[in-house]
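Participant: Sequence first, then the predicted structure, then my questions.
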Amino acid sequence: MPNAKEFWLDFATDLARSLAFLSRLPVPARFFKGHDGTVSRACRAFPLAGALIAVPPALVLLVLGHQTAAPLVVALLTLALMAGLTGGLHEDGVADCADGLGGGRDKEHALAIMKDSRTGSYGVLALILSVGVRAAALSALITAGSASLAALSLVTAAAVSRALMVWHWAALAPARAKGTAVAVGQPQADARLFALVSASLLALVCLGRPFGLFPLLLSLGVAALSAHLFTRFVSNKIGGHTGDTIGATQQITEMALLSTLVIML
């Protein structure tokens, strides 16, 4: 068993690798010396990495939300910055999934569409809905609650949605024999558990007091249910996960969590 110092040093390394995997933020090369490229253990840090990626957009939301009467504009600027930090990684996933899963005749056809860099009508609609729902939810949180509450909700949603990415990833085998999903490995069981527990604790700390325990638990439950239903749909459609379905899980669960928080406010 590693001691506390070794644990936190290992976790810091996993966090750095997670930030590099999930965003365009610069990460020192020393964290990758001798690394085989997998994130089977590093994915335990995905929730914290997601929260850290969300901090700059949350600060923009916090500052502008207190200074303007146009909350929807603030929400859209916030999401634009978030997409810039991640390189649109998850947005690309939800668009590809919408095209492939919506238009594919069978598994092979769906996977071929998802691999195509072009975006079809299903993908465009999915992106519009993803940005629109999240922007509307953040705008409503600013208006009905406060900019501070909206900022905390954004950070929480970023963490929880990335924990549910890990859950989706671990629940299914790779749909392709080769590809990114195979190269980066399958999440370890303890890494999945750590991700889910840490995200839940962060949600409790950030939103337990302003929303109350029951509304928060209900919101987390809706997000988890959306991940479960999407995972079942993906399993039935293509028999496993891909990098795109992992990214789509993040977008779907973030929409679900933010929307439910607004309804419960």
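Facilitator: On my side now, so go ahead. Numbers count the residues shown, from 1 in each chain.

Participant: where does the stretch 1-150 of the chain dip in pLDDT?
Facilitator: 1-2 (pLDDT under 70).

Participant: go with 80
Facilitator: Where the stretch 1-150 of the chain drops to pLDDT under 80, the residues are 1-2, 34-37, 68-69.

Participant: Please provide the alpha-carbon coordinates for stretch 133-153, formatted as PDB.
Facilitator: C-alpha atoms of stretch 133-153 as PDB (Å, rounded to 0.1, in the frame of the first residue of the first chain):
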ATOM      1  CA  VAL A 133     -29.600  23.600 -23.700                       C
ATOM      2  CA  ARG A 134     -26.500  24.300 -21.600                       C
ATOM      3  CA  ALA A 135     -26.600  28.100 -22.400                       C
ATOM      4  CA  ALA A 136     -30.300  28.300 -21.500                       C
ATOM      5  CA  ALA A 137     -29.700  26.400 -18.300                       C
ATOM      6  CA  LEU A 138     -26.700  28.600 -17.200                       C
ATOM      7  CA  SER A 139     -28.700  31.700 -18.200                       C
ATOM      8  CA  ALA A 140     -31.600  30.600 -16.100                       C
ATOM      9  CA  LEU A 141     -29.300  29.900 -13.100                       C
ATOM     10  CA  ILE A 142     -27.900  33.400 -13.400                       C
ATOM     11  CA  THR A 143     -31.400  34.900 -13.600                       C
ATOM     12  CA  ALA A 144     -33.200  32.800 -11.000                       C
ATOM     13  CA  GLY A 145     -30.300  32.200  -8.700                       C
ATOM     14  CA  SER A 146     -27.100  34.200  -9.100                       C
ATOM     15  CA  ALA A 147     -23.900  34.300 -11.100                       C
ATOM     16  CA  SER A 148     -22.100  32.600  -8.200                       C
ATOM     17  CA  LEU A 149     -24.600  29.700  -8.300                       C
ATOM     18  CA  ALA A 150     -24.300  29.400 -12.000                       C
ATOM     19  CA  ALA A 151     -20.500  29.300 -11.800                       C
ATOM     20  CA  LEU A 152     -20.600  26.600  -9.100                       C
ATOM     21  CA  SER A 153     -23.100  24.600 -11.100                       C
END
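
Participant: check which helix or strand covers Leu216.
Facilitator: Leu216 is part of helix 213-238, with elements assigned from DSSP states H and E.

Participant: For that helix, the averaged confidence score.
Facilitator: Across helix 213-238, the average pLDDT comes to 97.

Participant: And the next helix or strand past it?
Facilitator: helix 243-264.

Participant: so what does that following helix touch, helix or strand wise?
Facilitator: helix 89-103, helix 121-144, helix 147-171, helix 180-183, helix 189-211, helix 213-238 (3 or more C-beta pairs under 8 Å, 6 or more residues apart in numbering; DSSP states H and E). Bear in mind the C-beta positions are built from the backbone N, C-alpha and C, glycine included.

Participant: Just want the most central residue of the chain.
Facilitator: Gln250 (3.2 Å; C-alpha atoms, centre = their mean).

Participant: hang on, it packs against Glu91?
Facilitator: No. With contacts counted by C-beta atoms under 8 Å, Gln250 stays clear of Glu91, the gap being 9.4 Å.

Participant: hang on, the earlier thing: residues in contact with the residue nearest to the centre of the chain?
Facilitator: Applying C-beta atoms under 8 Å, 6 or more residues apart in numbering to Gln250 gives the contacts 90, 93, 161-162, 164-165.

Participant: Show me which of those residues is closest to Ser40.
Facilitator: Of all these, Ser40 sits closest to Met165, with 13.8 Å by C-beta to C-beta.

Participant: the inter-axis angle of the helix or strand hosting Ala20 versus helix 89-103?
Facilitator: Applying DSSP H and E as the criterion places Ala20 in helix 4-22. Computed with axes from the mean of the first three to the mean of the last three C-alpha atoms, to 10 degrees, the direction of helix 4-22 lies at 60 degrees from that of helix 89-103.

Participant: Remind me what helix 4-22 packs against, helices and strands.
Facilitator: Right, helix 4-22 is packed against helix 46-65 by 3+ C-beta pairs under 8 Å, 6+ apart.

Participant: now the helix it packs on against helix 147-171, angle please.
Facilitator: Going by the same axes, to 10 degrees, helix 46-65 makes 160 degrees with helix 147-171.
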